[in-house]
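# What follows is a predicted structure for the sequence shown.
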Amino acid sequence: MAKVRTVFVCADCGTSQPKWVGQCPSCKAWNTFTRLTVAGGGGAAGTERGSWLGAALPPARAQLLADVGMADVVRIPLGVGEFDRVLGGGVVPGSLILLGGEPGIGKSTLVLQAAARLGREAGPVLYVSGEESTQQIKLRAERMALEADGLYLLAETNLTAIMAEVERIQPRVLIVDSIQTSFAEDVESAAGSVTQVRECAARLMRLAKTAYVSVVLVGHVTKSGEIAGPRILEHMVDVVLYLEGDRFHSYRLLRSVKNRFGSTNEVGVFDMRGQGLVEIPNPSEVFLAERLTGVAGSCVNVTMEGSRPLLVEIQALVTESNAQIPRRSANGVDPNRLLLLTAVLGKRLGLPLANRDVFVNVVGGLKISEPAADLAVALAVVSSSQNAPVPSDLAVIGEIGLSGELRSVAQLERRLAEAEGLGFRRALVPQMGLKAQAYGELKVLGARTVGQALDLALAGES
Ligand SMILES: Nc1ncnc2c1ncn2[C@@H]1O[C@H](COP(=O)(O)OP(=O)(O)OP(=O)(O)O)[C@@H](O)[C@H]1O
Ligand SMILES: [Mg+2]
């Protein structure tokens with residue numbers, strides 16, 4: 001039996017809406033929406049349904065840039081502050097969002113949390129799971145004590161069936177967990193294959209754009225990123241988010257890699273607990289919470305995660321080596337960078353590291369990829385090697401060059417502001433590009449070389 005789908009289309013600009021509206025959200029024209037009834041569904045509905053999702057709509061007309069009406073982009077806040085911040089304020093209606101992450105990192109937890117709040121506050125949300133039964137999802141929701149009016153659950157992998165429920169429920173947001181388990185029955189390829197993943201995503205994109213539903217696709221990535229993972233979808237979707245973290249630590253970073261509606265510099269920080277992902281509005285405090293003061297081999301660095309400064313503790317341990325080739329072990333910083341830094345410390349400062357093992361660890365499971373952490377790593381190594389603690393009120397920022405020179409770092413002021421806000425009284429930074437000797441209550445010490453920096457840091461009181 002053929003199903004009938006009704007959409008409302010603006011005669012002026014071709015924008016379509018699931019419901020009739022007086023004024024076109026896109027071109028602002030009044031009373032231009034007309035009802036369009038399109039046959040679809042039934043049988044092998046994948047392709048037919050495609051007709052109401054695109055082909056049956058009137059052909060789009062080219063418009064002069066000056067004539068294009070600005071739709072007020074009303075974002076729908078998800079109610080999970082850190083998630084909203086990463087998205088740039090909330091979900092844009094009709095957008096396609098990809099949330100990727102390694103298995104077990106907490107993707108389903110995060111989307112369920114957002115779906116529950118959204119369903120309660122903004123209208124119906126349809127959460128489709130191809131991996132878990134509705135009972136399993138309910139158990140999770142109960143564990144997380146979620147109140148979820150307006151949240152519909154569907155355990156389904158067949159895209160046709162999913163689309164049928166979208167038509168029936170007309171959700172504001174559709175969540176598909178995961179895109180790898182969804183399949184279009186008219187495509188002859190196994191679920192999870194590149195062809196299926198691409199085709200399903202393309203159909204869901206058409207749904208998003210024509211029916212004005214925001215779609216969140218959950219996708220798995222492996223460490224090597226080899227399987228038909230979300231990477232092949234990155235160019236198709238509007239927003240790409242990755243949930244990252246370390247299995248052995250409870251912190252999770254939600255990072256935006258692409259955002260057609262906002263900045264890609266945002267990072268949200270969460271703590272994975274029994275009741276779900278808890279937002280950490282001030283992550284620096286958490287990363288420094290267990291720091292021991294007055295202990296050699298520890299140094300605080302201000303690193304940037306996107307546009308967000310984070311204070312992290314870098315620890316080093318330098319011990320006599322029994323191995324023929326002394327070990328250099330780096331956890332949270334690039335091992336090659338550690339090799340380079342130990343070479344610079346040996347050559348420029350004469351630090352005796354040739355027959356010593358060096359271990360470096362970033363506390364909290366965070367991974368720092370920027371060279372602005374160089375000076376803090378170097379200081380931690382020297383501090384451990386000489387058994388001289390770095391003063392506990394000192395934050396350290398700077399890149400080290402091969403000649404032992406300190407190089408300026410980006411966004412210094414934001415880093416200093418974060419250090420000041422957390423009660424640090426002194427900051428050690430590269431002299432190059434330094435504009436002020438103080439930042440609020442924070443005294444800023446400039447050094448030109450790693451040697452000078454060490455003198456300034458380790459000569460002071462602890
Ligand atoms: N009862 C529980 N109490 C506390 N934490 C739990 C509990 N059950 C699960 N978790 C946490 O939730 C994590 C799994 O989260 P979730 O299912 O959201 O991840 P996912 O990224 O969706 O995984 P998958 O790849 O399997 O879909 C587990 O790794 C665990 O840390
Ligand atoms: Mg999951």
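Looks like it came in fine. Ligands and ions are numbered 1, 2, ... in the order given.
# In the stretch 251-400 of the chain, mark out all the helices, start to finish.
Per DSSP state H, counting those that start in this stretch, the stretch 251-400 of the chain has helices spanning 283-288, 335-349, 374-386. These are given in chain order.
# outside of stretch 267-278, which residues touch it?
When contacts are defined by Cβ atoms under 8 Å, 6 or more residues apart in numbering, stretch 267-278 is touched by residues 80, 82-83, 85-86, 106, 109-110, 112-113, 143-146, 245, 250-256, 279-280, 283, 286, 305-308, 310. Any C-beta I mention is one placed from the backbone N, CA and C, and that applies to glycine too.
# Of those, keep whichever come out buried.
Neighbour counting with 16 or more other Cβ atoms under 10 Å marks 80, 82-83, 85-86, 106, 109-110, 112-113, 144, 146, 245, 250-256, 279-280, 283, 286, 305-306, 308, 310 as buried within the contacts of stretch 267-278.
# Of those residues, which are in range of ligand 1?
Restricting those to those touching ligand 1 (Cβ under 6 Å from any ligand atom) yields 106, 109.
# coming back round to it: most tightly surrounded among the helices of the stretch 251-400 of the chain?
When neighbours are counted by mean count of other Cβ atoms under 10 Å, the highest per-stretch mean among the helices of the stretch 251-400 of the chain falls to helix 374-386, a mean of 26.
# how distant is it from the center of its chain?
Its chain's C-alpha centre lies 30 Å from the corresponding centre of helix 374-386 when counted by Cα atoms, centre = their mean, to the nearest Å.
# What helices and strands are in contact with it?
Other helices and strands packing on helix 374-386, by 3 or more Cβ pairs under 8 Å, 6 or more residues apart in numbering; DSSP states H and E, are strand 298-305, strand 308-320, helix 335-349, strand 356-362, strand 394-396, strand 399-400, strand 426-430, helix 450-459.
# same thing but at 6 Å, please
With contacts defined as 3 or more Cβ pairs under 6 Å, 6 or more residues apart in numbering; DSSP states H and E, the secondary structure elements packing on helix 374-386 are strand 298-305, strand 308-320, helix 335-349, strand 394-396, helix 450-459.
# mind putting these in a markdown table, mean pLDDT included?
As requested, the helices and strands packed on helix 374-386 are arranged in a markdown table below (pLDDT from 0 to 100):
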| stretch | mean pLDDT |
| --- | --- |
| strand 298-305 | 93 |
| strand 308-320 | 93 |
| helix 335-349 | 95 |
| strand 394-396 | 95 |
| helix 450-459 | 90 |
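# so which of the ones you listed gets nearest Phe8?
Smallest distance to Phe8 across the helices and strands packed on helix 374-386 (Cβ to Cβ): 41.4 Å, for strand 308-320.
# Next, check the buried ones among the contacts of stretch 267-278 against the strands and list the overlap.
Of the positions in the buried ones among the contacts of stretch 267-278, 245, 251-256, 279, 305, 308, 310 sit in strands, assigned by DSSP state E.
# Pick out whichever of these sits closest to Val9.
For these, the closest approach to Val9 (Cβ to Cβ) belongs to Ser256, at 32.3 Å.
# State the pLDDT value of that closest one.
At Ser256, the model reports a pLDDT of 87.
# can you check Cys13 too?
Looking at Cys13, its pLDDT reads 69.
# ok, now the one 5 residues further on?
According to the model's per-residue confidence, Pro18 sits at a pLDDT of 74.
# From Phe33, how far out is it?
Noted for Pro18: a distance of 11 Å to Phe33, by Cβ to Cβ, to the nearest Å.
# Compare the two (neighbour count), which wins?
Neighbour count, other Cβ atoms under 10 Å: between Pro18 and Phe33, Phe33 has more, with 22 against 18.
# bridging residues for that one?
Partner residues in beta bridges with Phe33, using DSSP bridges, are Cys10.
# my guess is it meets Asp12, correct?
No - with contact defined as Cβ atoms under 6 Å, Phe33 does not reach Asp12; the gap is 9.6 Å.
# would you list the helices of the stretch 251-400 of the chain in TSV and tack on distance to Ala29?
As requested, these are exported to TSV (distance: least, Cβ to Cβ, whole Å):
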stretch	distance to Ala29
helix 283-288	46
helix 335-349	57
helix 374-386	58
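# of all the residues in the protein, which ones are close to ligand 1?
Of all the residues in the chain, those lying near ligand 1 are 101, 103-109, 131, 143, 220, 272, 274, going by Cβ under 6 Å from any ligand atom.
# Closest one of these to Pro391?
Minimum separation from Pro391 among these (Cβ to Cβ) is found for Met272, which lies at 33.2 Å.
# Skipping adjacent residues, who's closest to that closest one in space?
Sequence neighbours aside, Ser250 is the residue nearest to Met272 in space, at 4.5 Å (criterion: Cβ to Cβ, 6 or more residues apart in numbering).
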